[in-house]
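Q: I would like the atomic coordinates for the input below:
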Amino acid sequence: MMLELLKKVLKPVAPSGLEEPVAAVIREEVAPYVDSIETDALGNLICVKNGTEANPEKIMLSAHMDHIGYIVTGIEKEGFLRVTNVGGISPTMSLTRHVSFPNGVQGVVVSEVSKDTAMKDLFVDIGAQDKADAETMVQIGDVCVYANDCFQLGANRVASPAMDDRAACALLIRFLQTATKQTIIAVFSVQEEVGCRGAKVASFAKAPDKGIAIDVTAWGDTPGTKQPDIKLGEGIAVKVMDHGSISNPDLREALLAAGAQAGVKTQREVLPFGGTDASAMQTSRGGIPVCTLSIPCRYVHSACEVVDLRDVEGGVALLKKYFEA
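A: Residues are numbered from 1 along each chain as shown. The predicted structure is shown next:
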């Protein structure tokens, strides 16, 4: 079931630059279905599934493994940790949130009393008695993330930290279990949240003919939120444009057509901010045609990102149909 797979890939603590724990889970899931697996110098997990045609196209599908977090920049004499962001963290959405370090240390993000909460006001309480005690638990440079807390909302929706982009990792894992005529270069990329670095080096090294990023996108279906015009449960979104890339029109329309042929809902996405691994793939080498498939996600970059499982399953069906052509 998609829910059980999603829970597996959501569980590891794997912030940007420290993605190996989730890579280990993904490696185990995809090993029976691909022809080769490698980990490159940056930490990308690259899984190749050979096409069945004589001269198959090479198509790169990229879903990032990393998760936004907080890095320790200093330790106060009282034992509180000063932090700054790794990726797009909202200070106001951080207050009194439970966080976890890779070594198992737990903490709470708190702010100094301030009219306008900013990153400089945040600190993490790990229950230390003083600086010396804190230094037995963490060091400067350690990174924590929102603690794992995956739960269902109604019949089809699931909330958790790290849905961005583990929901897409689950989608890509499930797709790799099918046969295709084309050669699939499935990249579970690293360091997307700090500049799409993993996809940049992987697309250069593998030189695909086309690239499809799989990521989440913002929502427009809650009170007071109308843009982007994206709704949970209304299907996987096919991106037209975001701040990082403009999708190739032919590839975009082919993906929309595949969704129609597969009988799944799709949405057209125009996002006036943000970006995905498509931005790195698009400008690799001499440039390649790219598009992004986006899973609608409420409350992106929060401790409770919400997706609809029907949109994720629809994305799998769309890709299956596209790669049958």
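Q: from here on, contacts and neighbour counts on C-alpha atoms
A: Fine.
Q: what about the stretch 201-325 of the chain, any weak spots by pLDDT?
A: The stretch 201-325 of the chain contains residues with pLDDT under 70 at 325.
Q: can you give me the strands in it?
A: Along the stretch 201-325 of the chain, counting by DSSP state E, counting those that start in this stretch, strands occupy 210-217, 236-241, 266-270, 290-296, 305-308.
Q: quick one, which of those strands is nearest to Q227?
A: Of all those, strand 266-270 sits nearest to Q227, with 9.2 Å by C-alpha to C-alpha.
Q: out of the strands of the stretch 201-325 of the chain, deepest packed?
A: Most buried of the strands of the stretch 201-325 of the chain, by mean neighbour count (mean count of other C-alpha atoms under 10 Å): strand 290-296, with a mean of 30.
Q: Distance to A54 added to the strands of the stretch 201-325 of the chain, as a markdown table?
A: A markdown table is the format used below for the strands of the stretch 201-325 of the chain (distance: least, C-alpha to C-alpha, whole Å):
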| stretch | distance to A54 |
| --- | --- |
| strand 210-217 | 18 |
| strand 236-241 | 29 |
| strand 266-270 | 32 |
| strand 290-296 | 23 |
| strand 305-308 | 38 |
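Q: of all those strands, which lies closest to M119?
A: Nearest of the strands of the stretch 201-325 of the chain to M119, taken as C-alpha to C-alpha: strand 305-308 at 20.7 Å.
Q: Mind giving me the packing neighbours of the closest one?
A: Under the contact criterion of 3 or more C-alpha pairs under 8 Å, 6 or more residues apart in numbering; DSSP states H and E, strand 305-308 touches strand 157-160, helix 163-175, strand 290-296.
Q: could I get these as TSV with distance to A186?
A: Formatted as TSV, the helices and strands packed on strand 305-308 follow (distance: least, C-alpha to C-alpha, whole Å):
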stretch	distance to A186
strand 157-160	24
helix 163-175	8
strand 290-296	14
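Q: can you tell me which residues contact L271?
A: 217-218, 228, 239, 241-243 (C-alpha atoms under 8 Å, 6 or more residues apart in numbering).
Q: again but with L232, I slipped
A: 219, 221, 296-298, 307-308, 311.
Q: what's around the closest residue to C196 other than its chain neighbours, how many residues?
A: Computed as C-alpha to C-alpha, 6 or more residues apart in numbering, the closest residue to C196 that is not its neighbour in sequence is D277, at 5.5 Å. D277 has 33 neighbouring residues, counting by other C-alpha atoms under 10 Å.
Q: The closest residue to V306 other than its chain neighbours: how many residues sit nearby?
A: Counting by C-alpha to C-alpha, 6+ apart, V306 lies nearest to A159, which is 4.3 Å off, once chain neighbours are set aside. By other C-alpha under 10 Å, 20 other residues sit near A159.
Q: Cool, thanks, talk later.
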